[in-house]
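Visitor: Make a model of this:
(chains A and B)
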Number of protein chains: 2
Amino acid sequence: MEFDQRFGLNRHLVLPGPLALDAGLSFAPVEFAYETYGVLNADRSNAILICHALTGDHHVASNHPITGKPGWWTRLVGEGLPIDPARHFIICINVLGSCLGSSGPASTDPATGKPYGMSFPVITIADMVRAQALLLDHLGISSLQAVIGGSMGGMQVLNWTILFPERVRSAVAIATTARHSAQNIAFHEVGRQAIMADPKWRGGEYYGDNDPPAAGLAVARMAAHITYLSEAGLTEKFGRKLQSREAKSFGFDADFQIESYLRHQGISFTDRFDANSYLYITRAMDYYDLAEPFDGVLAKAFAKARNTRFCVISFDTDWLYPTAESRHIVHALNAAGAPVSFVELSSPFGHDAFLLDVPEQNRIIDGFIRAGEQRA
Amino acid sequence: MEFDQRFGLNRHLVLPGPLALDAGLSFAPVEFAYETYGVLNADRSNAILICHALTGDHHVASNHPITGKPGWWTRLVGEGLPIDPARHFIICINVLGSCLGSSGPASTDPATGKPYGMSFPVITIADMVRAQALLLDHLGISSLQAVIGGSMGGMQVLNWTILFPERVRSAVAIATTARHSAQNIAFHEVGRQAIMADPKWRGGEYYGDNDPPAAGLAVARMAAHITYLSEAGLTEKFGRKLQSREAKSFGFDADFQIESYLRHQGISFTDRFDANSYLYITRAMDYYDLAEPFDGVLAKAFAKARNTRFCVISFDTDWLYPTAESRHIVHALNAAGAPVSFVELSSPFGHDAFLLDVPEQNRIIDGFIRAGEQRA
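Guide: Next up is the predicted model:
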């Protein structure tokens, strides 16, 4: 296994496809950026797929190539942690539509030799999952010990259990939902309008020069970022504290710490993310409604998933995908007869909690994964 | 009284001032757009001041000059309603910094003959109240039977009772807060950044041609508008319903009703509001913290207001200024020894509820105002 070029960090691969998309189109070829950690065991039974969130990437436990920061889930994935390369073969794939190496609007369209831009097809969360399955086929992984993810990662997890129930033995869906609500769509629409209102967006054809719609993307990120944090958490962290000054300036500089924090979040985001990808991935999330193809009945969506073990985790201060949404998922799983454990964790950090230091989350995931191993 | 040019609809007036501002500046002259309804009684004891919200105006019960729509609070103000021109002398004044006739960044600076733009001084809610007091002096109204307002209007109401406690016999503060929270500031900062990122903003000097930063202002309005509605209300009204189509378009048009609704809210707003005014008024709201000049102790702020009767109303689905904020105000009033009645009303409509058809709100305000009249 050690010398198989398919495995390791910073893998990049083009598969011929084609990939049948929900939009009714066929997409090919399909590029993938992904990473694997650990070694696939002899019976290929220890593979765990980690699904990332909107602006995430495949560097789940390796340094980010642009920011140099540690992987985004090193609190959960690593030596001695619940997802452990010493025990598990871990795969994380950059989602379709993203800009970190998998096919997305910034990728080159082989038909034209130019970036796709807005000619990239509109994709769905299910399309992302189908693309991942294509890659797993190539890697020779027919069955997953677990699929795990938070936020949009959790949407992929749930979609995996519906599209490929026979391939998923355990599913961990964290801080997520079974459908995007009107409020969820509304926040994304603000972000998209901010990007598309930026004259530098130019209908998505901004790749020719080095002048992308950074201002619009920064505003989009700022609006979204508020939804990732709880009101109480913001008050505790920032309150009305002033930034590097003794008194209000009576001007439009960032007087308050929360202002400079948000501005920084917006600006730094534009260094590492593509505006068109932001449009496409938020669109995929807004289109996401697991029950829709099943007459609006979520339990029907999970009808074939009753051999998958589920673990659903929510956070009490998450107002983006509040606990009620997780409870909705759990009720549907109950109705479908799928085994599910559910817990609402307490955290001051809102939606972002799943990425942060929440020891209780680690204990739950560790227990859930080990229980699956004992059963296997 | 009937022939006094100071009274009636669509009044416009310039007072010499000067007005001492919190920024430490002196502002003069001061323009006012305002309306009055009803007749001031012989002992000048029936005056009620209505304070409007961020994007409101003085057309509280008359048709808006640009949109032609009825006044913004005709559910509360009118014949047979709790605030009744047959009984009350009603005054509503466009706030300082706005763009509907009172001095604001779009007004002409007499020193230059050009619009102030960003040379307009940064103002506070207290400055708005001081300006209103200046106008009331001119109108010969030394004492107010009541001051009433929701949202930013409620901030002015509370500030009235702190700055001019002897002039306010009753105060009705609805869907409001004693200070802007980090989350409140964050949403406003997104809006300001959206405006200032629009190249058409041009440092606020866009009045020369007919090409204002409408796209940025529309995005700002969209982001803010989400905070005015409840998640449940959005789900009930829009859910995931599609807009004039049978199926998803797999494109970036407004597929969902919530999207076209929000876009409409954003675009129509730019017809009636000035982007610079939006910057200045949101800044005033973010600077708002009643306790700040009183060592952070809100009860001290209300120390001189104990002869004013208070009525505080919140809405259970208002997540912009949630009930906890009203409770904070009520506790401080209790500690200050001021008489206060407090009610949390149930409504699906979130923050906007105070503007909508909430019969219970009318009954409470009617009862509170009549009780004050009996006591007088």
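Visitor: Give the helix, strand or coil label for A:I91.
Guide: Put simply, A:I91 is strand when judged by DSSP: H, G, I helix; E, B strand; the rest coil.
Visitor: Give me the neighbour count for A:G78.
Guide: Residues lying near A:G78 (other Cβ atoms under 10 Å in any protein chain shown) number 19. Yep, even glycine has a C-beta here, placed from its N, CA and C like the rest.
Visitor: Which residues are in contact with it?
Guide: A:A61, A:D84, A:P85 (Cβ atoms under 8 Å, 6 or more residues apart in numbering or on different chains).
Visitor: between these, which is closest to chain B?
Guide: Of all the contacts of A:G78, chain B sits closest to A:A61, with 30.8 Å by Cβ to the nearest Cβ.
Visitor: Tell me who's in contact with that closest one.
Guide: A:E35, A:Y37, A:P70, A:G71, A:W73, A:T74, A:V77, A:G78, A:P85, A:I90.
Visitor: Let's see that with 10 Å instead.
Guide: Residues in contact with A:A61 (Cβ atoms under 10 Å, 6 or more residues apart in numbering or on different chains) are A:9, A:35, A:37, A:50, A:70-79, A:81, A:83, A:85, A:90, A:92.
Visitor: and the stretch 1-150 of chain A, which residues reach chain B?
Guide: When proximity is defined as Cβ under 10 Å from any Cβ of the partner chain, the stretch 1-150 of chain A approaches chain B at A:L21, A:D22, A:A23, A:G24, A:L25, A:M118, A:P121, A:V122, A:I123, A:T124.
Visitor: Tell me how many other residues crowd the closest residue to A:G216 other than its chain neighbours.
Guide: Counting by Cβ to Cβ, 6 or more residues apart in numbering or on different chains, A:D198 is the residue found nearest to A:G216 once chain neighbours are left out, at 3.0 Å. For A:D198, the tally of surrounding residues (other Cβ under 10 Å) stands at 27.
Visitor: May I ask you to confirm that A:D198 is in contact with B:P199?
Guide: Yes: the pair A:D198 / B:P199 is scored as a contact, 8.6 Å apart, by Cβ atoms under 10 Å.
Visitor: From A:F342, how far out is the closest residue in space to A:I174 that isn't next to it in sequence?
Guide: Sequence neighbours aside, A:G150 is the residue nearest to A:I174 in space, at 3.8 Å (criterion: Cβ to Cβ, 6+ apart). As for A:G150, its distance to A:F342 is 15 Å (criterion: Cβ to Cβ, to the nearest Å).
Visitor: Tell me how far the residue most central in space within chain A lies from A:Q156.
Guide: When chain A is reduced to its mean C-alpha position, the nearest residue by Cα atoms, centre = their mean turns out to be A:A53, at 1.6 Å. As for A:A53, its distance to A:Q156 is 9 Å (criterion: Cβ to Cβ).
Visitor: what do the two both touch?
Guide: In contact with both A:A53 and A:Q156: A:V95, A:G149, A:T176, using Cβ under 10 Å, 6+ apart.
Visitor: Quick one: mark the members of those that sit in strands.
Guide: Of these, the ones assigned to strands by DSSP state E are A:G149.
Visitor: Tell me the one of the shared contacts of A:A53 and A:Q156 nearest chain B?
Guide: A:T176 (16.1 Å).
Visitor: Name all residues that make contact with the residue lying closest to that closest one once chain neighbours are set aside.
Guide: Distances taken as Cβ to Cβ, 6+ apart place A:G154 nearest to A:T176, at 2.7 Å, with adjacent residues excluded. Counting by Cβ under 10 Å, 6+ apart, A:G154 makes contact with A:51, A:53, A:147-148, A:171-178, A:312-314, A:321, A:325-326, A:329, A:354.
Visitor: what does A:R202 give?
Guide: Contacts for A:R202 were tallied using Cβ under 10 Å, 6+ apart; they are A:G117, A:G208, A:D209, A:D211, A:P212, A:P213.
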